[in-house]
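> Next input, structure requested:
(one chain, ligands or ions: 2)
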Amino acid sequence: MERLLSTQEVADRLSVDTKTVLRYLRAGKLSGSRIGREYRIPEGAVESLLRRTNPTAAAERTAVVTAVVNQKGGVGKTTTTFNLGVGLQRLGRRVLLVDLDPQAALSASAGIPVAHLTASVYQALIDDGIDPRGIVRETLSGVDVLPATIDLAAAEVELVSMTLRELVLRDVLDQLRSRYDHILIDCPPSLGLLTINALAAADRVIIPQQCEYLATRGLTLLLRTLDKVRARLNRNLRIEGILPTMFDGRTTHANEVLGELRTAFPGQVFDVVIKDSVRVKESPAAGLSIFDYDAGHDVAQAYQRLAKEVDHA
Ligand SMILES: Nc1ncnc2c1ncn2[C@@H]1O[C@H](COP(=O)(O)OP(=O)(O)OP(=O)(O)O)[C@@H](O)[C@H]1O
Ligand SMILES: [Mg+2]
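Ligands and ions are numbered 1, 2, ... in the order given. As a prediction, this is how the structure comes out:
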C-alpha cells in the first residue's frame, strides 16, 4: 500500500512551508485527499513533483539515521536493530544496519560469517582512505550490513587520538546515506566513544528498555548524555521513543515497570511493546530475523508495527 503523507511531512520533503503545499494541492500540482482539516498525500505524488521541479533533490534524498542505544547490556538493542531493519525493508525501504559493537552480534545474527571477514566498520573508521561501500555486505534477509569484527574494540582507544574523534562515523555514513532510506546503528552497551560517534551521526534514537526494576534510573543517565551530545555535537538529535522489550505480561512486576516508564517519560514510550519470547532468542542462531524464523509470531507483528510507526524522516 502506498504511504500517505501529512501536509507537514510533504512540506519537509519539498523544503517549503505548509501554505505552499496547500497551494500546490489547490492548483492540482499535487494530488491528495482531504480528511477533516488535514490532507493525506500519496508519497508517489510528492516524488514525482520533486523529480519534475528539481531532478537532483530526489536523487540526493538521504537516509534517516537512527541509533539504537542503551548503555545497559542485554536489553534488546541488537534484536531491535535487526528486526526493525527487516521490518522497514518489508515496507519497501532500502535499509543499512551498522554494527558498532565489537561483539559483532548483529553481524552474526544477520548470517554474516564474522570470523572470515577481512574488513569491517573498524577499517572504515580508522582509515579515511577506505571506501565504506566496499565493506557493506548484503544479507539473505534483504538488509545490508556494515559489519563489525572484534578489531572494533581497539577503535574505542584509537579514536581518542584522532581529530574530530566524535565525528568519524558521521563522515563514514555521509558516504553511504544517499543509497538508503534508513540506516540503523546497533550501539555497544556503554557510553564510550563508539556510542558517542553513533549519537553524533544520528538524526534520532530508539531506546530499547527491559521492563525491570531500576529501569528509569538507567534511562535518566542516558537522557543526560543525549542532552550533552545535543548541546555539543548534534543539535538536531531527537528521541524517537523508548521501546519496552522482553515484556512478560503475566507478571505484575513487568506491568508495574511499564506503568512507571510511561509515567516517568510521558509521550516518549512507544505503544508497541515487544514481548518476551523464546522464539526471538532462537532466531539469531539460525541467522534469521523473526520474520523469516516465525512469520506469524506476535513479536514479528510488533516489530512490523514499530517499523510503520518510525518510517518517516
Ligand atoms: N523479545 C525477546 N524475547 C526473548 N528474548 C529476547 C528478546 N529480545 C532479545 N532477546 C534475547 O536477549 C538477549 C539480549 O538481547 P540483545 O542481544 O538484543 O540485547 P543487547 O542490548 O543488544 O545486548 P548487548 O548490550 O550485550 O549488546 C539475547 O539473547 C536475545 O536473543
Ligand atoms: Mg547488542
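> which helix in this protein runs the most residues?
Longest among the helix segments of the chain by residue count, using DSSP state H, is helix 215-232.
> contacts for that helix?
Contacts of helix 215-232 from elsewhere in the structure, counted by Cβ atoms under 8 Å, 6 or more residues apart in numbering, are 69-72, 191, 196, 199-200, 205, 207, 209, 237, 239, 242, 257, 260-261, 264-265. Glycine gets a C-beta too; all of them are placed from N, C-alpha and C.
> name the element residue 303 belongs to?
Per DSSP states H and E, residue 303 falls inside helix 298-310.
> and the angle for the helix or strand just after the longest helix of the chain with helix 298-310?
Using DSSP H and E, the helix or strand that follows helix 215-232 towards the C-terminus is strand 238-245. Counting by axes from the mean of the first three to the mean of the last three Cα atoms, to 10 degrees, strand 238-245 points 170 degrees away from the direction of helix 298-310.
> picking that back up, please name every helix or strand in contact with the helix holding residue 303.
Contact partners of helix 298-310 among helices and strands, from 3 or more Cβ pairs under 8 Å, 6 or more residues apart in numbering; DSSP states H and E: helix 77-90, strand 238-245, helix 290-293.
> among those, which is nearest ligand 1?
Taking Cβ to the nearest ligand atom as the criterion, helix 77-90 is the member of the helices and strands packed on helix 298-310 that comes nearest to ligand 1, at 3.3 Å.
> Out of the contacts of helix 215-232, name the ones that lie in strands.
In strands, defined here by DSSP state E, the members of these are 205, 207, 209, 239, 242.
> okay, the second one: pLDDT?
Predicted confidence (pLDDT) for residue 207: 98.
> For it, list each beta-bridge partner.
Here residue 207 shows beta-bridge partners residue 242, assigned using DSSP bridges.
> Next, count neighbours for it.
By other Cβ atoms under 10 Å, the residues close to residue 207 number 27.
> how about it, what does it touch?
Applying Cβ under 8 Å, 6+ apart, one finds that residue 207 lies in contact with 68-70, 219, 222, 239, 241-243.
> before we move on, could you check phi and psi at the residue nearest to residue 138 when sequence neighbours are not counted?
Sequence neighbours aside, residue 144 is the residue nearest to residue 138 in space, at 5.7 Å (criterion: Cβ to Cβ, 6 or more residues apart in numbering). Reported as degrees, to the nearest 10, the phi and psi values for residue 144 are phi -90, psi 150.
> what about burial for the contacts of helix 215-232, which qualify?
Neighbour counting by 16 or more other Cβ atoms under 10 Å classes 69-72, 191, 196, 199-200, 205, 207, 209, 237, 242, 257, 261, 265 among the contacts of helix 215-232 as buried.
> Report the two of those separated the most.
Using Cβ to Cβ, those reach their maximum pairwise distance at 200 and 257, which is 30.6 Å.
> Look up the residues forming beta bridges with residue 41.
Using DSSP bridges, the beta-bridge partners of residue 41 come out as residue 5.
> Please look at residue 137 and residue 148 and confirm they touch.
No: with contacts counted by Cβ atoms under 8 Å, residue 137 stays clear of residue 148, the gap being 11.2 Å.
> Which single residue of the protein ends up nearest ligand 2?
Proximity to ligand 2, evaluated over the chain using Cβ to the ion, is greatest for residue 78 at 3.3 Å.
> how far away is that residue from residue 86?
Taking Cβ to Cβ, to the nearest Å as the measure, residue 78 and residue 86 are separated by 13 Å.
> Please pull out the lowest mean pLDDT helix or strand from the protein.
helix 55-60 (a mean of 56; mean pLDDT, DSSP states H and E).
> ok, the residue nearest to residue 138 to residue 203 distance?
Applying Cβ to Cβ, one obtains 19 Å for the distance of residue 144 from residue 203.
> just residue 181 next, same as before
With distances taken as Cβ to Cβ, residue 181 is found 12 Å from residue 203.
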